[in-house]
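Colleague: quick one, structure for this:
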Amino acid sequence: MKFLFSAFFVFGSSIFISLQANAKTEAFKGFVAVAAKRELYVDYVPAEKNQPTVILVNGLTYSTRQWNGFVEPLLQRGVGILRYDPFGQGQTLLKYAPILAPIPYQDQVSDLKTLLEKMQLKGPYHLVGLSYGGGIIAGFAAQYPQLVKNLIMMAPFTRPLDGQDNWIKSQIWATRQMFPFNKASDDDLYDYFLHQIIYATYPQAEPIVLENPFKLEATYRLVQGIRKFRPVDHTQSIPAKSLHLVIARQDQYINTSVLDEYWDAVPVASRASRLYINGSEHKMVEAVPYFSAAWVYQIVKGNPEFQGGKDFEGYPFRGEVKNGDKVIKVGRE
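Modeller: Numbering: from 1, shown residues only. Below is the predicted model:
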């Protein structure tokens with residue numbers, strides 16, 4: 001559908017980054033080395049004059065191409081886009097498959113910083129991540145708070161999925177009752193049952209994990225590497241007026257209360273905006289790509305309406321957001 005940008009508001013999602021004078025000025029698709037034996041696949045389009053650049057950090061089962069609908073309206077506005085496949089995802093996965101060891105989130109954070117340096121993109125950055133990517137940018141902000149301008153977290157990972165986590169812990173308990181002399185640690189058992197539940201349920205819930213022979217195992221290794229990370233323990237590192245939390249009202253994976261608990265743990269001074277998108281499931285950048293892109297655009301352009309820790313209700317198919325009695329037209333999905 002046609003994407004309309006109002007004079008005041010527009011929405012979006014992913015990771016963003018300020019483009020400075022030394023940034024690369026030519027479009028590029030290919031691999032970029034971030035370590036001696038480690039390259040990441042990159043799809044980069046430079047920003048037009050006076051526009052920001054957006055860096056997208058993938059959701060758990062994503063690759064660069066799942067952002068297509070989201071980036072289109074941003075590119076039309078001249079926004080720069082840097083999307084890439086972290087280790088274990090997309091073209092990067094295919095280059096190094098099979099991956100048979102955990103993928104620590106700390107390595108993903110380090111890779112992101114190195115990639116931004118190699119692409120000659122200077123901060124402070126507008127960071128936005130979807131789901132798993134939200135956890136990665138939370139880790140980035142914890143380690144490099146001075147490099148963060150805006151932290152735009154869309155349905156972010158803040159802790160393991162409750163249903164999945166509770167089932168695994170129940171299996172560990174049952175194993176201890178039935179096999180009291182089992183020498184496996186709780187961590188070993190957790191990973192064993194995590195592997196089982198991902199292989200048993202993800203092909204039905206996320207059929208895209210079957211697009212190649214390596215993706216399902218890599219998905220397990222990504223979850224294995226981030227499951228112990230608790231972004232809530234690092235909220236004090238979030239810079240002032242930088243956190244923009246986006247929540248899907250119809251999220252099939254993360255309960256709204258989980259993300260509200262995270263928001264409550266964030267210092268008031270660090271909160272910028274919280275948006276609840278009605279009529280959207282977890283993958284909002286695919287469910288409502290134009291609306292979410294418009295939201296992000298206004299954030300990275302510095303619209304002052306999106307500050308002060310305000311709450312908004314978003315209605316993509318009416319093309320508006322509400323803050324109390326105030327209604328703001330943003331363009332219909």
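Colleague: what about the strands in the stretch 101-250 of the chain?
Modeller: Along the stretch 101-250 of the chain, the stretches classed as strands by DSSP state E, counting those that start in this stretch are 125-130, 148-154, 243-248.
Colleague: could you look over those strands and pick the most buried one?
Modeller: Most buried of the strands of the stretch 101-250 of the chain by mean neighbour count (mean count of other C-beta atoms under 10 Å) is strand 125-130; its value is a mean of 30. C-beta coordinates here come from the backbone N, C-alpha and C atoms, glycine included.
Colleague: if we can go back for a sec, the strands of the stretch 101-250 of the chain: which one's closest to Val209?
Modeller: When the strands of the stretch 101-250 of the chain are compared by C-beta to C-beta, strand 125-130 sits nearest Val209, at 16.3 Å.
Colleague: how far off strand 243-248 does that closest one point, in degrees?
Modeller: 20 degrees (axes from the mean of the first three to the mean of the last three C-alpha atoms, to 10 degrees).
Colleague: tell me what strand 125-130 is packed against?
Modeller: strand 16-17, strand 53-57, helix 132-143, strand 148-154, helix 289-300 (3 or more C-beta pairs under 8 Å, 6 or more residues apart in numbering; DSSP states H and E).
Colleague: need phi/psi at Glu72.
Modeller: Here the main-chain torsion angles of Glu72 (degrees, to the nearest 10) amount to phi -50, psi -50.
Colleague: next one: it from Val42, what distance?
Modeller: According to C-beta to C-beta, to the nearest Å, Glu72 and Val42 sit 18 Å apart.
Colleague: between the two, who's got more neighbours?
Modeller: Each of Glu72 and Val42 has its neighbours counted (other C-beta atoms under 10 Å); Val42 has more, 20 against 14.
Colleague: so the more buried one bridges to which residues?
Modeller: Note on Val42: beta-bridge partners by DSSP bridges are Gly30, Tyr84.
Colleague: distance-wise, check it relative to Gly69.
Modeller: For Val42, the distance to Gly69 - C-beta to C-beta - is 20 Å.
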